[in-house]
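Enquirer: structure for this input, please:
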Amino acid sequence: MTAQYASYIMAAVLLIAMALEIRTGRIPNWLTLVPLGLFAVVVAFSPDRAALIPQVALAAGVFVFGLIMFAIGGMGAGAVKLFAGTALFVPLSNAFYALLVFLGVFFVSSVVFVKLRKIFGGADSKWHLMANNVLPLSFSIGIAGLVGMFVL
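Expert: Modelled structure (predicted):
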């Protein structure tokens, strides 16, 4: 029962992260720690903790991948932590499809964000997305996480 509510809290975390990164260009550390604390609560109330081991393994793999991407400049530290935290809540059976959604959303949103920046953006914009040549990975992570948790 706790896991059911944890997914809704995680959905709120993803939506907040998307909005904050699009607006400010950063995902705050306190927000990226919420999934870890939330998962600790799920583990504490879980009757079968052994069933959660695959989720931890998936999140660890995602975190290692994210660290490699961070080292080569392909991903920010906040996105790495958010990606790994999201992996804790996407069921293992949906993980591959969530990855496909992530890749699809990333490529489509990249084109859309660049077009929006060209039309509406400028260096004087108060929105980080419109003022800088960056792509918010939290958007792709958030959509993939929401689809992985609730749709698939």
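Enquirer: so how many other residues sit close to Pro136?
Expert: Pro136: 25 surrounding residues under other C-beta atoms under 10 Å. In this view, the C-beta of every residue, glycine as well, is placed from N, C-alpha and C.
Enquirer: low-confidence stretches in this structure?
Expert: For the chain, applying pLDDT under 70 flags the ranges 1-3.
Enquirer: hey, where'd the helices end up in it?
Expert: 2-24, 29-45, 53-71, 77-87, 95-120, 128-131, 137-146 (DSSP state H).
Enquirer: could you dump the ones you listed into CSV with distance to Leu152 and mean neighbour count added?
Expert: Compiled in CSV, the helices of the chain are given as follows (distance: least, C-beta to C-beta, whole Å; neighbours: other C-beta atoms under 10 Å):
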stretch, distance to Leu152, mean neighbour count
helix 2-24, 13, 17
helix 29-45, 19, 15
helix 53-71, 15, 15
helix 77-87, 14, 23
helix 95-120, 5, 14
helix 128-131, 28, 18
helix 137-146, 10, 25
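Enquirer: excluding chain neighbours, what is closest to Trp152?
Expert: Check again: residue 152 is Leu, not Trp. Take Leu152 and drop its neighbours on the chain: the residue closest to it by C-beta to C-beta, 6 or more residues apart in numbering is Asn94, 4.1 Å away.
Enquirer: that neighbour reaches Leu146, doesn't it?
Expert: No - shown here, Asn94 and Leu146 do not form a contact pair, counting by C-beta atoms under 8 Å, at 11.3 Å.
Enquirer: spit out the contact partners of Val90.
Expert: Contacts here follow C-beta atoms under 8 Å, 6 or more residues apart in numbering; on that basis Val90 touches Leu58, Ala98, Ala144, Gly145, Gly148, Met149.
Enquirer: which residue is nearest the middle of this structure?
Expert: In the chain, the centroid-proximal residue (C-alpha atoms, centre = their mean) is Ile141; its distance is 3.4 Å.
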